[in-house]
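Enquirer: Fold the following for me, if possible:
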Amino acid sequence: MAGDKGKGARQPSRPDLLARLDVELGRIDEQLRALATAKDRIQSLLDAVVAITREVELPGVLHRIVTTAMDLVGARYGALGVLDESGEYLKQFVAAGLSEQERAALAEVGFPRGLGVLGHLIRHPEPLRADDIPSHPASAGFPPGHPRLRTLLGVAVSVRGEIYGDLYLSERRDGRPFDLHDENIVVALASAAGIAIENVRLLEQVRAGSEQFQRRLLPTLPDMRPFGAAAIYQPAAEPHHLGGDWYDAILLPDGAVAVVIGDVVGHDLHAAAAMDAAARPKSPSAPRVARLRCAHRPTASHVTYLTGPYPLASGHGAAALPGAAGRGWA
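Expert: Numbering: from 1, shown residues only. Model prediction:
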């Protein structure tokens, strides 16, 4: 009879439904935890990228890349090997996580040049995960004093499409081997690291050009025979600290020192050009520099000159100004 069909179908009992629901809730909880972990890792990666881009010196950038990668995957050891011009060996090895004893031992035998597993990563620049380094076909062992490492995660770092070096991470603090999530986040960090390295290179080029420009603005030392003259130029560490201030000191026959100080408002190339125009108004380039300054910065720059003696025997005496008539001191 058609109406009796399905009467014998067994309905899940209440305990079975609760068990299934418990399993599903557990699965959802795991997924939510995984999403939360992924979100935290992405946020950590973004914070790491910001921290790396704040560095303005190449050594600082390289070291920050290593320590940031270690933090992201919880690694005890990390290093960044920079390739030489041939692209076959390492010319620089920036390591972190080593104890003082380990660092001293490695300094005696020299840091790696790119043999063994590291050389394999140079020749094959794809991400590499090794759960047991000594068992890897390319393993060449460890030099005396080197930590006995078991796990490795290696990722190439590229700058403008060319391999710059390799980022190495070893020994997760929880004892587990590196997984795909670790690999993905380090690959993403390596991409940002390549951009940061390129930015620092460009910054160094700008800094070198700015320093060269400032050096050209410096006055030549006068011929003061039988007296001698010397000068020192200390470039600013930051591009926005560049300027045209200068200080001269001349030793006088009576043992006193004459100081000449030039101070200009501002700390940039405009300030340097303003000081040059004020200090050398008759130079051939002065009219052109003045026109460029007016075109790019219509507001005037104030330049101050100060000359006076500084007797060495008087301690920290104040500088004296010459009188208007040029006689005596006011």
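
Enquirer: Is L202 located within a helix, as I assumed?
Expert: Yes. Counting by DSSP: H, G, I helix; E, B strand; the rest coil, L202 falls inside a helix.

Enquirer: give me the number of residues near it?
Expert: By other CB atoms under 10 Å, the residues close to L202 number 10. To be clear about C-beta, it is placed using only N, CA and C from the backbone, and glycine gets the same treatment.

Enquirer: Against E85, how distant is it?
Expert: When CB to CB, to the nearest Å is the yardstick, L202 and E85 sit 20 Å from each other.

Enquirer: do the same with D254
Expert: 57 Å.

Enquirer: Identify the residue spatially nearest to D182, adjacent ones excluded.
Expert: V73 (4.4 Å; CB to CB, 6 or more residues apart in numbering).

Enquirer: residues near the one you found, how many?
Expert: Around V73 there are 20 residues (other CB under 10 Å).

Enquirer: contacting residues around it?
Expert: Neighbour list for V73: 153, 169, 172, 178, 182, 185-186 [criterion: CB atoms under 8 Å, 6 or more residues apart in numbering].

Enquirer: List buried residues within these.
Expert: 153, 169, 172, 178, 182, 185-186 (16 or more other CB atoms under 10 Å).

Enquirer: And those, which is closest to E162?
Expert: Nearest to E162 among these: V186, at 19.4 Å, using CB to CB.

Enquirer: Where does the closest one sit: helix, strand or coil?
Expert: helix.

Enquirer: For the residue nearest to it when sequence neighbours are not counted, name its beta-bridge partners.
Expert: Closest residue in space to V186, ignoring its immediate chain neighbours: V155 at 4.9 Å, by CB to CB, 6+ apart. The partner list for V155 in beta bridges (DSSP bridges) reads L167.

Enquirer: pLDDT wise, what is V155 at?
Expert: Looking at V155, its pLDDT reads 96.

Enquirer: likewise Q92?
Expert: Confidence at Q92, expressed as pLDDT, is 92.

Enquirer: next one: A96
Expert: pLDDT, read off for A96, is 94.

Enquirer: Contacts only, for it.
Expert: 63, 66-67, 70, 77-79.

Enquirer: now for these, which pair is the farthest apart?
Expert: H63 and Y77 (13.9 Å).

Enquirer: Give me the phi and psi for the closest residue to G119 other than its chain neighbours.
Expert: Spatial nearest neighbour of G119, chain neighbours left out: A138 (6.8 Å); criterion: CB to CB, 6+ apart. With angles defined as degrees, to the nearest 10, A138 sits at phi -90, psi 0.

Enquirer: could we number from 46 for the rest of this?
Expert: Okay, using 46 as the starting number, the last item reads as A183.

Enquirer: contacting residues for A183?
Expert: 161-162, 164-165.

Enquirer: same thing but 10 Å
Expert: 160-166, 168-169, 173, 175 (CB atoms under 10 Å, 6 or more residues apart in numbering).

Enquirer: Among these, find the lowest-pLDDT one for me.
Expert: L160 (86).

Enquirer: so that one touches F187, yeah?
Expert: No. Counting by CB atoms under 10 Å, L160 does not reach F187; the two are 11.0 Å apart.

Enquirer: Specify the local secondary structure of the residue nearest the centre of the chain.
Expert: Centrality entry for the chain: nearest residue to the mean C-alpha point is V106, 2.3 Å, by CA atoms, centre = their mean. Assigned by three-state DSSP, the conformation of V106 is helix.

Enquirer: which residues does it contact?
Expert: 97-100, 125, 139, 238, 241-242, 244-246 are the contacts of V106 under CB under 10 Å, 6+ apart.

Enquirer: hang on, the earlier thing: among the contacts of A183, which one has the most neighbours?
Expert: For the contacts of A183, counting by other CB under 10 Å, the largest number of neighbours falls to L166: 24 neighbours.
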